[in-house]
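Peer 1: mind looking at a prediction? Sequence and model below.
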Amino acid sequence: MNETKEQALKSLVELIKIESTLSASKPGAPYGEEIKKALDFTLDLLASFGGKTHNLDGYCGWADFGEGEPFGILVHLDVVPASGVWKFPPFSGTVSDGYVYGRGATDDKGPAIAVIYALKKLIEEGLTPKRKIRVILGCDEESGWSDIKKYNEVEEMPNDGFSPDGDFPVIYSEKGVLHLQLHLKKPASFLTFTGGTAVNMVPDLAQITVAFDEKILHSALQMGLPTTLTGDSMLESLAHQLEGACVTEDDHIQITANGTSAHGSRPEDGESAILILLKCLHLSGASEDGTRLYNLFGKTDGSGLNLKVDGGAEGGLTVNVGKCKIKDNELILRVDIRHPASITKEEVLERLEKSIPEINEINIINYHDPLYVNPNSPFVQTLLKAYQKVTGDTQSQPKAIGGATYARVLKNGVAFGPTMPGAESLAHQPNERVSIKDFNTMIDIYYEALKSLLF
């Protein structure tokens, strides 16, 4: 197995080096050239040990091993943008101090390579699958799942399988995912307001320009936020007293906030730059618009929007404002809502409309139903035992999460790995990385699971 793990590490480094973020569509590359490169790379890898591969016009690809009823292994090769400050270049695949650094190391290139090499080892040992194994390579998981829609137009999705895109030991339940674009009347005092790069990321940078007010300036300085003043000679004199401040012609104040990125399904793990700015305006006592928006969106449990829901084992509802901008006299917010099964999509939308009377329009960008598989089912228990056999951890049990994985496109699908119990989740964050030890353990777990289920 050591040789297999060494090969897997080399493949992971090469795959991370491909900057497979969404970019301009081209013929045969609907999500951009880099995502196409990642798809071609992985299809070639699967073909190298006997996979019957197919590329669906760059939307997605798959490889089949064996015959019979298909079992799906669903991974994705696209990644979110690499914002923030990184120890190493995010698309370098740098190996340092026992870790592999790079965007996708945990979400989802690392586990994709791990499960592929576990399957490769089983095939090379001469074992024959009891049924067809279909490895499906998604290319639009982070931006809308149009790849899965395209797949379903031409192929039948397997009934059961797993996606290595969550946590160990195994995930039996996922919240519903509702991505919205909210069009609000532009607050009169806001000149500009920009922040965030993706709806499913906690924004780590945002900037706002509002009419000058000494209380707002004081609040910004108290919070240590970079501030630029613009205006007449009085403001110019004041600005010269502030390190780094500059002056232009109008009486405005521009404030910048740096936050901490995190996955949109766990906004409590990060610090939203957008919310920092709204809090600054709110604390100043001089911005009704800022206070209103902060009261609505400042709590990640949705309580400001009358959306707070106790989901029991699934966890409560969460809200993340991932992006904002002002355009055509509107404030446009992109919002990520994760809800337990105890509240429906329709109820969420109804409560939003009542809570934000100034809303002009709500657009649903994307929606995924909640997922639930009986944690005591033979399928889940087989995966759990494979995890326990390799790790010796008999305490950790099947769990529910707020994240969304491809598992929910299967009638009987679960997320299986890669994050170990108690480990910090680094998906969508700067310095995303996987330890080589955990990467090797992943390969062992997937090897045992596939062997038990399918060989």
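Peer 2: All right, it came through fine.
Peer 1: and Tyr447, how many neighbours?
Peer 2: The number of residues packed near Tyr447 is 24, by other C-beta atoms under 10 Å. From N, CA and C alone the C-beta is placed, and that goes for glycine too.
Peer 1: wait, it sits on Lys120?
Peer 2: No. With contact defined as C-beta atoms under 8 Å, Tyr447 does not reach Lys120; the gap is 9.7 Å.
Peer 1: what packs against the helix or strand where Gly61 lies?
Peer 2: Following DSSP states H and E, one finds Gly61 within strand 60-65. With contacts taken as 3 or more C-beta pairs under 8 Å, 6 or more residues apart in numbering; DSSP states H and E, strand 60-65 sits against helix 33-47, strand 52-55, strand 133-138, helix 146-154.
Peer 1: can you list the buried residues in it?
Peer 2: Across strand 60-65, burial judged by 16 or more other C-beta atoms under 10 Å covers Cys60, Gly61, Trp62, Ala63, Asp64, Phe65.
Peer 1: what's the farthest-apart pair in the residues you listed?
Peer 2: Greatest spacing in the buried residues of strand 60-65, by C-beta to C-beta: Cys60 and Phe65 (17.3 Å).
Peer 1: sorry, back to before: helix 33-47 and the strand holding Gly61, what's the angle between them?
Peer 2: Using axes from the mean of the first three to the mean of the last three C-alpha atoms, to 10 degrees, the inter-axis angle of strand 60-65 relative to helix 33-47 is 0 degrees.
Peer 1: the next helix-or-strand element following strand 60-65: partners in the sheet, and parallel or antiparallel?
Peer 2: Using DSSP H and E, the helix or strand that directly follows strand 60-65 along the chain is strand 71-76. Each strand paired with strand 71-76, and its direction, by DSSP bridges: strand 133-138 (parallel), strand 160-163 (parallel).
Peer 1: so how far is strand 71-76 from its chain's centroid?
Peer 2: Centroid separation between strand 71-76 and its chain, computed with C-alpha atoms, centre = their mean, to the nearest Å, is 18 Å.
Peer 1: hey, which of the helices and strands packed on strand 60-65 is tucked in deepest?
Peer 2: strand 133-138 (a mean of 25; mean count of other C-beta atoms under 10 Å).
Peer 1: what mean pLDDT does that one have?
Peer 2: What strand 133-138 shows for mean pLDDT is 98.
Peer 1: circling back to that earlier point, so can I have TSV of the helices and strands packed on strand 60-65 showing distance to Gly224?
Peer 2: Converted to TSV, those look like this (distance: least, C-beta to C-beta, whole Å):
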stretch	distance to Gly224
helix 33-47	37
strand 52-55	51
strand 133-138	41
helix 146-154	42
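Peer 1: ok, which of the ones you listed comes nearest Leu383?
Peer 2: Comparison of the helices and strands packed on strand 60-65 against Leu383 by C-beta to C-beta identifies strand 133-138 as nearest, at 14.9 Å.
Peer 1: circling back: now the strands paired with strand 71-76 in JSON lines, with distance to His339?
Peer 2: Converted to JSON lines, those look like this (distance: least, C-beta to C-beta, whole Å):
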{"stretch": "strand 133-138", "distance to His339": "23"}
{"stretch": "strand 160-163", "distance to His339": "20"}
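Peer 1: so which of those strands is nearest Asn258?
Peer 2: Of all these, strand 133-138 comes closest under C-beta to C-beta, at 31.9 Å.
Peer 1: contacts for the closest one?
Peer 2: Around strand 133-138, the neighbours that count as contacts under C-beta atoms under 8 Å, 6 or more residues apart in numbering are 39, 42-43, 46, 51, 60-66, 70-78, 112, 115-116, 119, 145, 147-148, 151, 158, 161, 406, 450, 454.
Peer 1: please repeat the previous calculation with a cut-off of 7 Å.
Peer 2: Strand 133-138 has contacts (C-beta atoms under 7 Å, 6 or more residues apart in numbering) with 39, 42-43, 46, 60-66, 70-77, 116, 119, 147-148, 151, 158, 406, 454.
Peer 1: what angle do helix 146-154 and it make with each other?
Peer 2: Orientation check (the same axes, to 10 degrees): strand 133-138 against helix 146-154 gives 130 degrees.
Peer 1: in the chain, where is pLDDT below threshold?
Peer 2: Scanning the chain for pLDDT under 70 picks out 230-250.
Peer 1: all helices for it, in order.
Peer 2: Secondary structure of the chain by DSSP state H: the helices cover 2-16, 33-47, 109-124, 146-154, 214-222, 233-240, 273-284, 288-297, 345-355, 378-391, 436-454.
Peer 1: of these, which is nearest Ser92?
Peer 2: Nearest to Ser92 among the helices of the chain is helix 2-16 (7.6 Å), distances taken as C-beta to C-beta.
Peer 1: show me which positions of that closest one end up buried.
Peer 2: In helix 2-16, counting by 16+ other C-beta under 10 Å, buried: Thr4, Lys5, Ala8, Leu9, Ser11, Leu12, Val13, Leu15, Ile16.
Peer 1: turn these into a markdown table, columns for distance to Pro27.
Peer 2: Converted to a markdown table, the buried residues of helix 2-16 look like this (distance: C-beta to C-beta, whole Å):
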| residue | distance to Pro27 |
| --- | --- |
| Thr4 | 37 |
| Lys5 | 38 |
| Ala8 | 32 |
| Leu9 | 34 |
| Ser11 | 28 |
| Leu12 | 29 |
| Val13 | 29 |
| Leu15 | 23 |
| Ile16 | 26 |
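Peer 1: name the nearest of the residues you listed relative to Thr441.
Peer 2: Taking C-beta to C-beta as the measure, Thr441 lies nearest Lys5 of these, at 10.0 Å.
Peer 1: other residues contacting the strand holding Gly61?
Peer 2: For strand 60-65, contacts defined as C-beta under 7 Å, 6+ apart pick out 39, 43, 46-47, 50-55, 119, 123, 129, 132-139, 147, 150-151.
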